[in-house]
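Asker: need the 3D shape of this:
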Amino acid sequence: MLRHIIGDVIAFAEKFYSIMIDGKRYELILDGLGNTFTITFGALAIGVVLGIIVAAIRTSFDKNRESMKLRGGVGYYILAFFNAICKLYLTVTRGTPVVVQLMISYFVIFALADNGVPVAIFAFGINSGAYVAEIFRAGIMSVDHGQFEAGRSLGFNYFQTMRFIVIPQMFKAVLPTLCNEFIALLKETSVAGYVGVIDLTKAGNTIAGRTFEYFIPLITVAVIYLVLVMILSWLVGILERRLRKSDR
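Answerer: Below is the predicted model of the structure:
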C-alpha cells in the first residue's frame with residue numbers, strides 16, 4: 001500500500017515537472033499572478049475613491065434632505081441630481097454581471113485599447129465602487145448622530161465634520177468588510193481572460209491548452225487562489241481581533 005502511494009506521488013511529481021517546470025511554463029503562472037494582483041489592487045483603489053464619493057453624496061442627501069428642502073435654494077436640487085445619478089450607477093452596476101461590464105469596457109468603450117490590463121482595472125474598479133459605496137454608506141449611517149453635532153459645535157461645517165470626524169470612524173467600522181471585498185475582488189478577476197488578459201486563471205488555461213493536460217494546471221491555479229484567500233482571511237481575522245480589543 002505504501003509502495004503504491006509513493007509510486008503515485010513520484011508519478012505526479014514527474015508529470016507536474018513535465019507540464020509546469022519543463023519549458024518554463026511556470027513563468028506564465030507568475031506573470032498571470034502579477035497581472036491578477038495589479039488588477040485587484042488597482043481596481044480596489046478606484047473602488048475606494050469612487051465608493052467614498054458615492055457614499056458621501058447619498059448619506060448627505062439622506063441626512064439633509066428635509067432641512068435643505070425647507071430652506072429651498074438650488075443646493076437641494078443639485079444634491080438631489082447627483083444622488084439620482086449615484087442611485088442609477090448603483091442599480092446598473094450591481095444589476096449586471098461583472099463579466100458583461102468587462103466586455104463592454106474592452107470591446108465598446110475602449111475598443112482601440114491594445115492592453116487589456118488597464119481596461120480590466122477600470123471595469124473592476126467601477127464594479128467594486130458600487131459595492132464599496134454601500135459598505136461605506138452603512139458605515140457612515142452607523143456613526144452616532146451625536147458625532148455630527150459634536151462637529152458642528154466645534155465650528156465645522158457638514159463637509160468638514162464628515163472629513164475629520166465621521167469618515168475616520170467609518171473606516172474603522174468597515175475595515176474588516178472592506179478587506180472581505182478585497183478577497184471577493186481577487187477571485188472576481190478570474191474572468192479577466194475574456195478580454196485577452198493573461199491573469200492567473202487564463203495562464204493556467206493557456207498551459208492546459210498547450211500541453212493538453214488540464215488537471216495539473218487548473219489544480220495549480222485553484223491551490224494558488226486557495227492559499228491567497230486563506231492568507232488574506234487569516235490577516236482579516238487578526239485585524240478584527242485587534243479592532244475588538246481597541247474598542248474595549
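Asker: low-confidence ranges, this structure, go.
Answerer: Counting by pLDDT under 70, the ranges of the chain that qualify are 1-2, 72, 246-248.
Asker: now do the strands in it.
Answerer: Counting by DSSP state E, the chain has no strands to list.
Asker: now do the helices in it.
Answerer: 2-16, 26-71, 74-95, 98-104, 116-142, 145-153, 158-161, 167-188, 200-211, 215-247 (DSSP state H).
Asker: distance to residue 110 for these - can I get that in CSV?
Answerer: (Glycine included, C-beta is placed from N, CA and C.) Converted to CSV, the helices of the chain look like this (distance: least, C-beta to C-beta, whole Å):
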stretch, distance to residue 110
helix 2-16, 38
helix 26-71, 15
helix 74-95, 17
helix 98-104, 10
helix 116-142, 5
helix 145-153, 41
helix 158-161, 34
helix 167-188, 19
helix 200-211, 19
helix 215-247, 27
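Asker: who's in contact with the spatially most central residue of the chain?
Answerer: The C-alpha lying nearest the average C-alpha coordinate of the chain belongs to residue 185 (C-alpha atoms, centre = their mean; 3.8 Å). Remark: with contacts taken as C-beta atoms under 8 Å, 6 or more residues apart in numbering, residue 185 is in contact with 40, 43-44, 47, 124, 128.
Asker: out of those, which comes closest to residue 160?
Answerer: For these, the residue nearest residue 160 by C-beta to C-beta is residue 47; the value is 24.9 Å.
Asker: so the closest one is in contact with residue 122, correct?
Answerer: No: with contacts counted by C-beta atoms under 8 Å, residue 47 stays clear of residue 122, the gap being 10.9 Å.
Asker: higher neighbour count, these two?
Answerer: residue 47 (25 against 21; other C-beta atoms under 10 Å).
Asker: ok, and what's touching stretch 158-172?
Answerer: By C-beta under 8 Å, 6+ apart, stretch 158-172 touches 52, 56, 60, 64, 136, 139-140, 142-143, 147-148, 150-152, 156, 243.
Asker: how far off centre is it?
Answerer: Counting by C-alpha atoms, centre = their mean, to the nearest Å, stretch 158-172 is centred 22 Å from the centre of its parent chain.
Asker: ends of it, how far apart?
Answerer: Distance across stretch 158-172, first residue to last, is 20 Å (C-alpha to C-alpha, to the nearest Å).
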